[in-house]
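Colleague: predicted model, plus sequence, below.
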2 protein chains.
Amino acid sequence: MQIEIICTGDEVLTGKIINTNFSYMSQKLEDFGLSVKWETTVGDDREDLLQAFQRAGERADAVIVNGGLGPTVDDLSQEVAAQAAGVQLVLNEEWLARMREFFSRRGRTMSENNTKQAMLPEGAECVDNPVGTACGFAMTIGNARFFFTPGVPRELHRMLEYEIVPRLQQISGVQTVIHLKRFHSYGLGESHVDALLKGVEDLSPDGSVKLGFRAHYPQLETKLTVRGADDADIRAKLAPVEQEVHRRIGHYILAEDSDTLEGVVLQHLIDCEGSLTIVETFTGGQIAARIAPLPGAEAVFRRGVVSLHAQEICAALGMDGSTLPDPLTAEAAEQVAQAARAHTGTTHALAVLVTIEDGVDRIDLGGMICLAVATPNEVISRQSRLAGGREWVRLGAVEMGLDSLRRYLQGLPVREQNDFEQTQKV
Amino acid sequence: MQIEIICTGDEVLTGKIINTNFSYMSQKLEDFGLSVKWETTVGDDREDLLQAFQRAGERADAVIVNGGLGPTVDDLSQEVAAQAAGVQLVLNEEWLARMREFFSRRGRTMSENNTKQAMLPEGAECVDNPVGTACGFAMTIGNARFFFTPGVPRELHRMLEYEIVPRLQQISGVQTVIHLKRFHSYGLGESHVDALLKGVEDLSPDGSVKLGFRAHYPQLETKLTVRGADDADIRAKLAPVEQEVHRRIGHYILAEDSDTLEGVVLQHLIDCEGSLTIVETFTGGQIAARIAPLPGAEAVFRRGVVSLHAQEICAALGMDGSTLPDPLTAEAAEQVAQAARAHTGTTHALAVLVTIEDGVDRIDLGGMICLAVATPNEVISRQSRLAGGREWVRLGAVEMGLDSLRRYLQGLPVREQNDFEQTQKV
């Protein structure tokens, strides 16, 4: 089945907004085993829209059009769709009633120009939008079934997943259920994980599990797409592959599915009734900023101390600064983490001290990361050089710090191979 | 002149990477007074590429193709371009020599598959890429002049600005110089600034200044695009408009052109040999993280204190916690800022205390922001309610905190209308 996407709107065409709706749609379809073949972006221009609809209607089996369903004069999708199919626009009384209810539930009166949103091409099938006033619809233009969707991401996401994907699966004749299993990892590069996971797909005998990746430094997402007859079938097919992924890269998996590294760290600390102090330097507050704003952090996150100067950190923690080695070492991080824990009375402290190299920012500029996790009974440290310029070092130091804490909390080795390190001193 | 863009590559088509190259190109062309009419994305597929080139060659005057110039087998742009124009690929000896030099300067040997990057369609004009091995090129397909560009953003940016824009201006017959003047502001919404700046373009008598906006919450970018014969002409045309923009929204302009809010704050503190301590709560370290990592911050940024609990902040600053009002007020922020300054011995302290409202995250969830700036001689505070959900409140609180410090350092009123506030207590 050939699927096309048409994105509409001057704001997207002029680059004023980045077209994340397209990447969202394309990825979501991939997750369900459907592939986009061709994408077109045009502005709020009647002639261009018509041409785009007609050409896609000649080439494709299914077309998703995004945007242009709003109440204002530059929202042209319904009108041009009707023109392309040679039909009239007619008022959909049912949707008009839905809109009036939508507004009245919010204590507002519907503006008359919203009526435009209930005008659909004759014969179009209404596609539900429970979270907005733009009515989605489906109709045939040329050889293709067209699906018209709103530009507001929240409305699009719901409509695509719950309304359009099932219809596309029906058109494509694929009657299977698709499940996406995700593993988030830190410390191994994409090609390395690819090599480590070679052959895992074969553990599902009928080729129904597909392996994929999505790298967004410093994390890597490993995806298993599974097709099956129903949920039980999916679970049975996924289980041996999932188990093997854990066996091969388990230590590096920091979270699964919609969980996050910071969420996992917070949950472990909540579970053990722990409390946390974070000390950081060049990362400038970014480590604390991953934990502190999370719901539930009030019970765990005690204090963040940020400074670029070792002496200032000592002053903040009531430490004798003269005992700290210069340049900073893993031992210095241990001292700082222990002092931070003792000074603030927490169960856990994480210290991430970065010595950034001198000179103009450039791709080979690096920094030395000295980090430690302290508890009342022990302290564990790690020292690594990361490179790639100031921003890259900063991102890497934040992730390495949080991930080391995660490893400690899960009883895993804190010092283990990291593909992003340039030199390793332990 | 009709300009089209064709983006190529499976990674873009499947949504694995977000197509920021397109928004970059389209915006950059807009900045030079050139508009994109149509965009197409296709994968690394010979037939689709050919069809996309041919269709664009029928419709457009100029076409920019992005991607597919690399050394691997799935990089097909040169090959399909030659096919579309009915010519052969020929080795460009000059570019081959450039590539060999590129590698040898980096102490590496060129791999033989890189030779493919020097194969250009017969008759193509080489378009320089001084920062990579992909050779850009220009050629005619159908009715349009095609420009082939690399997918690597750094290489694309340089080639577009220095090589392709001048050629497009030549094709379009626009012989003028274009200058883009940018103002970054916080506190006024786009439609409000649009209303406030009504008519400013007319101060440039010949209509050669165009006003535009780009909103990325919490900041707004106001853009003046100026056309002129040369730099002196541009300066003369821009001056009265620029002056009027300053007169109307001057207090809200936090930085201009490539400057940033945090950079401006840092520079003011460097200029007055100042030093800074930042105290924050729900923003979790994000305010410190805007300043601390900047080059030059070592001399200014002294300490960041982060905690979600007022008592913990008092403990960190040697304050008597029993004197703080609950819930927090502007007066509490003043006390905290004064204590932070005194405790760390800095010239300036910024305290941003947020009380986030209870309940599940939702669009109307808000937070009370109490902030203060303290110096040895005075303390100034502000209290505002921001809404829009947890993330929105957090972003707004960071910006309001930094911008209040900027206003204080520039001798501007710290309490002034803010369109994002829901209620205002002064």
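Modeller: On my side now, so go ahead. Numbers count the residues shown, from 1 in each chain, chains lettered A, B, ... in the order given.
Colleague: in stretch A:49-64, what counts as buried?
Modeller: A:49-53, A:55-57, A:59-60, A:62-64 (16 or more other C-beta atoms under 10 Å in any protein chain shown). The way it works is simple: take the backbone N, C-alpha and C, and place the C-beta from them, glycine included.
Colleague: what does that stretch contact?
Modeller: A:1-6, A:8, A:25, A:37-38, A:40, A:42, A:65, A:68, A:76-77, A:80-81, A:83-84, A:141-147, A:149, A:160, A:164, A:168, A:171-172, B:55 (C-beta atoms under 8 Å, 6 or more residues apart in numbering or on different chains).
Colleague: now, the residues you listed that are in strands?
Modeller: If you go by DSSP state E, those have A:3-6, A:8, A:37-38, A:40, A:42, A:65, A:141, A:144-147, A:149 in strands.
Colleague: from the residues you listed, which would you call buried?
Modeller: For these, a neighbour count by 16+ other C-beta under 10 Å gives the buried set as A:3-6, A:8, A:37-38, A:40, A:42, A:65, A:141, A:144-147, A:149.
Colleague: element containing the residue of the stretch 101-250 of chain A found nearest chain B, please.
Modeller: Across the stretch 101-250 of chain A, the shortest distance to chain B (C-beta to the nearest C-beta) belongs to residue A:214, at 6.0 Å. In this structure, residue A:214 sits in strand A:209-216 according to DSSP states H and E.
Colleague: need the residues of the stretch 151-300 of chain A near chain B, please.
Modeller: Counting by C-beta under 8 Å from any C-beta of the partner chain, the stretch 151-300 of chain A comes close to chain B at A:214, A:278, A:280, A:282-293, A:295, A:297-298.
Colleague: take these and keep only those in helices.
Modeller: Counting by DSSP state H, the part of those found in helices is A:286-291.
Colleague: list the contacts for the residue lying closest to residue A:356 once chain neighbours are set aside?
Modeller: Spatially, and ignoring its direct neighbours in sequence, residue A:356 is nearest to residue A:367 (4.3 Å; C-beta to C-beta, 6 or more residues apart in numbering or on different chains). Residue A:367 makes contact with A:282, A:354-357, A:385-387, A:390, A:393, A:397, according to C-beta under 8 Å, 6+ apart.
Colleague: kindly recompute the last result at 10 Å.
Modeller: Contacts for residue A:367 (C-beta atoms under 10 Å, 6 or more residues apart in numbering or on different chains) come out as A:281-283, A:354-357, A:384-390, A:392-394, A:396-397, A:422.
Colleague: wait, residue A:276 sits on residue A:262?
Modeller: No - counting by C-beta atoms under 10 Å, residue A:276 does not reach residue A:262; the two are 11.2 Å apart.
Colleague: higher neighbour count, these two?
Modeller: Ranked by neighbour count (other C-beta atoms under 10 Å in any protein chain shown), residue A:276 and residue A:262 place residue A:276 first, with 26 against 22.
Colleague: do you know how far that one is from residue B:306?
Modeller: 11 Å (C-beta to C-beta, to the nearest Å).
Colleague: so what sits against both of these two?
Modeller: Joint contacts of residue A:276 and residue B:306 (C-beta under 10 Å, 6+ apart) are A:288, A:291-292, A:301-304.
Colleague: that older thread, which of the ones in helices among the residues of the stretch 151-300 of chain A next to chain B lies closest to residue A:253?
Modeller: residue A:290 (17.9 Å; C-beta to C-beta).
Colleague: spatially nearest residue to the closest one, not counting backbone neighbours?
Modeller: Once flanking residues are discounted, residue A:290 sits nearest to residue A:262: 4.2 Å by C-beta to C-beta, 6+ apart.
Colleague: element containing residue A:353?
Modeller: Using DSSP H and E, the element containing residue A:353 is strand A:348-356.
Colleague: so what strands line up beside that strand?
Modeller: With DSSP bridges as the test, strand A:348-356 is paired with strand A:276-280 (parallel), strand A:366-374 (antiparallel).
Colleague: just say which of those is most tucked in.
Modeller: strand A:276-280 (a mean of 30; mean count of other C-beta atoms under 10 Å in any protein chain shown).
Colleague: could you list everything residue A:65 pairs with in the sheet?
Modeller: Here residue A:65, judged by DSSP bridges, has bridge partners residue A:6, residue A:148.
Colleague: verify the stated contact: it with residue A:147.
Modeller: Yes - the criterion here is C-beta under 10 Å, and residue A:65 meets it with residue A:147 at 7.0 Å.
Colleague: picking up where we left off before, same question for the strand holding residue A:214, mean pLDDT?
Modeller: Here strand A:209-216 scores 84 as its mean pLDDT.
Colleague: try stretch A:47-57
Modeller: 97.
Colleague: what do residue A:65 and residue A:147 both touch?
Modeller: What both residue A:65 and residue A:147 touch, as defined by C-beta under 10 Å, 6+ apart, is the set A:5, A:136-137.
Colleague: show me the helices in the stretch 251-400 of chain A, by range?
Modeller: Remark: helices assigned in the stretch 251-400 of chain A by DSSP state H, counting those that start in this stretch are A:261-271, A:286-291, A:310-316, A:330-344, A:390-409.
Colleague: packing partners for the shortest one?
Modeller: Which is helix A:286-291. In terms of contacts (3 or more C-beta pairs under 10 Å, 6 or more residues apart in numbering or on different chains; DSSP states H and E), helix A:286-291 is packed against helix A:261-271, strand A:276-280, strand A:301-306, strand A:348-356, helix A:390-409, helix B:286-291, strand B:301-306.
Colleague: now residue A:116: closest residue in space that isn't a chain neighbour?
Modeller: residue A:71 (5.4 Å).
Colleague: work out for me the element the one you found sits within.
Modeller: Taking DSSP H and E as the definition, one finds residue A:71 inside no helix or strand.
Colleague: wait, it touches residue A:103, no?
Modeller: No - taking contacts as C-beta under 10 Å, residue A:71 lies outside contact range of residue A:103: 11.7 Å.
Colleague: overlap in contacts, those two.
Modeller: A:110-111, A:114, A:133.
Colleague: roughly how far apart are residue A:121 and residue A:155?
Modeller: 20 Å.
Colleague: could you do residue A:406 as well?
Modeller: Taken as C-beta to C-beta, the span from residue A:406 to residue A:155 is 35 Å.
Colleague: same deal with residue A:43?
Modeller: 21 Å.
Colleague: now residue A:207
Modeller: Distance of residue A:207 to residue A:155, computed by C-beta to C-beta: 36 Å.
Colleague: which one of the two is surrounded by more residues?
Modeller: With neighbours defined as other C-beta under 10 Å, residue A:207 and residue A:155 compare such that residue A:155 has more, 19 against 10.
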